[in-house]
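Asker: mind folding the following:
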Amino acid sequence: MKHTQRGFAIHEFEDRNGVRCSLQKSSLTTEDAIWLVAQEIGLKRFEPGKGWKDVPLEHEVHLTRKQVKHLLPFLIRFAETGQLEPPKLKAKTKVTLYPAEINGKRVMVSVPED
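Answerer: Numbering: from 1, shown residues only. Sure thing, here's the model as predicted:
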């Protein structure tokens with residue numbers, strides 16, 4: 001794993017559209033948090049006589065541990081099934097259960113097995 005100049009862990013990757021992104025530990029001192037950053041979002045502006053020019057712009061999402069815990073069940077379900085919504089299960093469908101925390105409550109997220 002790479003680290004920033006200040007020593008914070010950072011994971012770099014590209015999204016589906018080839019946009020450079022990173023997931024980085026935040027320097028926030030009041031609580032644990034991470035940054036999810038799209039390095040270049042492809043924004044362009046038109047300059048008369050020059051055409052379309054790139055606008056250097058990052059988009060950052062600052063997430064706390066509580067917010068990440070809220071998102072995890074949705075991300076796990078999407079990774080396993082390609083869906084965000086819970087599936088409508090048949091009577092004898094086998095599922096894998098994943099522990100999660102939603103709004104401060106511990107729950108188990110079910111993902112149907114193939």
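Asker: now do the strands in this structure.
Answerer: Ranges of strands in the chain, per DSSP state E, are 2-3, 9-14, 20-25, 33-38, 44-47, 51-54, 59-64, 95-102, 105-112.
Asker: rounded mean pLDDT for the fourth one, please.
Answerer: Here the mean pLDDT over strand 33-38 is 91, rounded to a whole number.
Asker: do the same with the fifth one
Answerer: The pLDDT scores in strand 44-47 average 86.
Asker: next one: that strand to chain centre, how far?
Answerer: 29 Å (Cα atoms, centre = their mean, to the nearest Å).
Asker: could I get the strands of the chain as CSV with mean neighbour count?
Answerer: Backbone N, C-alpha and C define where each C-beta goes, glycine included. CSV is the format used below for the strands of the chain (neighbours: other Cβ atoms under 10 Å):
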stretch, mean neighbour count
strand 2-3, 10
strand 9-14, 12
strand 20-25, 17
strand 33-38, 18
strand 44-47, 9
strand 51-54, 9
strand 59-64, 13
strand 95-102, 14
strand 105-112, 14
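Asker: most centrally placed residue in this structure?
Answerer: residue 36 (6.5 Å; Cα atoms, centre = their mean).
Asker: who are the contact partners of it?
Answerer: 21-23, 60-61, 63 (Cβ atoms under 8 Å, 6 or more residues apart in numbering).
Asker: tabulate those residues (CSV), appending distance to residue 8 and pLDDT.
Answerer: Shown next, in CSV, are the contacts of residue 36 (distance: Cβ to Cβ, whole Å; pLDDT from 0 to 100):
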residue, distance to residue 8, pLDDT
21, 16, 89
22, 11, 92
23, 11, 94
60, 14, 85
61, 16, 89
63, 15, 94
